[in-house]
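Just need the structure, nothing else, for what follows:
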Amino acid sequence: MNSIKKTARAAGFLYLLMIIFSVFSLVFIPSAFIVSGDVAKTVNNITNAESLFRLGIVGGLINQVIFVLLVLFLYRLFKPVNEKQALLMLIFVLIGVPIAMLNELNYSAVLLLSSSTDNITVLTADQSQSLINLFLDLHEHGIIIAEIFWGLWLLPLGFLVFKSGFLPKILGILLIIGCFGYLIEVFQFFIFPTYKVITYPGFAVDAIAELSLAFWLLLKGVNITKENENL
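Modelled structure (predicted):
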């Protein structure tokens, strides 16, 4: 039982750490560097704070490594609840992680094109900026594709939390709602790119659910008495 409690707290710590890195690499970095519709200003931001932009790339990669470690701890925690659902959760994450990691190549390309190197001296300023804009768009598209699996993994996770008996059922319900928030975002991005407001409530619910689950696992752990009924 002590092992299970340690597993829960380790999962909570990793979950919270992943959330921090996600905010840094997916929210802070784009808002700090990317100016919508102004590639020249974006390039200027990158060249003026290149080290921070590089940290954003590294942070994105570290975030995915943490994601793998997290899902392994969660798999161990929830396997007694429903092994098939726990395995499905694990598979979704292991598919999504390589997509997100490879997507950082687009930011690397932006960094290379923004630097004054011999490799890009043959390009005019307009050509360079056009390519930078392309890679920025590709990075955004890559995130949306990764969101398919960032959403799908929440479905079995929500089911497991709801069925576990040692975590609040409401968190499981909110995680499932968050899953559909991600999937709606993907659908809207590719089919109806001008209509995005409907996704915001789903993401808000997911943010509350995931942050609450992280803190619950880290600070409170699991109810051992109730978990014994599942083991």
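
How many residues are close by Leu69?
A total of 14 residues lie near Leu69 under the criterion other Cβ atoms under 10 Å. (Each C-beta comes from the backbone N, C-alpha and C, glycine too.)

gap between it and Gln129?
39 Å (Cβ to Cβ, to the nearest Å).

With Arg76 instead?
Relative to Gln129, Arg76 is positioned 48 Å away (Cβ to Cβ).

repeat for Leu136
Leu136 sits 10 Å away from Gln129, going by Cβ to Cβ.

With Asp206 instead?
35 Å.

More neighbours: the two, which one.
Asp206 (23 against 18).

To which secondary structure element is the more buried one assigned?
Following DSSP states H and E, one finds Asp206 within helix 199-215.

Tell me where this structure has helices.
For the chain, the helices defined by DSSP state H occupy 2-22, 29-33, 39-48, 50-78, 83-114, 125-152, 154-164, 169-191, 199-215, 224-228.

what's the model's confidence in the longest one, averaged?
Helix 83-114 comes out with an average pLDDT of 95.

quick check: angle from that helix to helix 169-191?
50 degrees (axes from the mean of the first three to the mean of the last three Cα atoms, to 10 degrees).

do the first one as well
Orientation check (the same axes, to 10 degrees): helix 2-22 against helix 169-191 gives 30 degrees.

Let's see helix 2-22 as CSV, backbone CA atoms only.
C-alpha atoms of helix 2-22 as CSV (Å, rounded to 0.1, in the frame of the first residue of the first chain):
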residue,chain,number,x,y,z
ASN,A,2,2.9,2.3,0.7
SER,A,3,4.1,1.6,-2.8
ILE,A,4,0.7,2.6,-4.3
LYS,A,5,0.7,5.8,-2.3
LYS,A,6,4.2,6.6,-3.5
THR,A,7,3.1,5.9,-7.1
ALA,A,8,0.2,8.3,-6.7
ARG,A,9,2.3,11.1,-5.3
ALA,A,10,5.0,10.6,-8.0
ALA,A,11,2.3,10.7,-10.6
GLY,A,12,1.0,13.9,-9.1
PHE,A,13,4.4,15.5,-9.0
LEU,A,14,5.1,14.6,-12.7
TYR,A,15,1.6,15.8,-13.7
LEU,A,16,2.2,19.2,-12.1
LEU,A,17,5.7,19.4,-13.6
MET,A,18,4.2,18.6,-17.0
ILE,A,19,1.6,21.3,-16.6
ILE,A,20,4.3,23.9,-15.8
PHE,A,21,6.4,22.9,-18.8
SER,A,22,3.3,22.9,-21.0
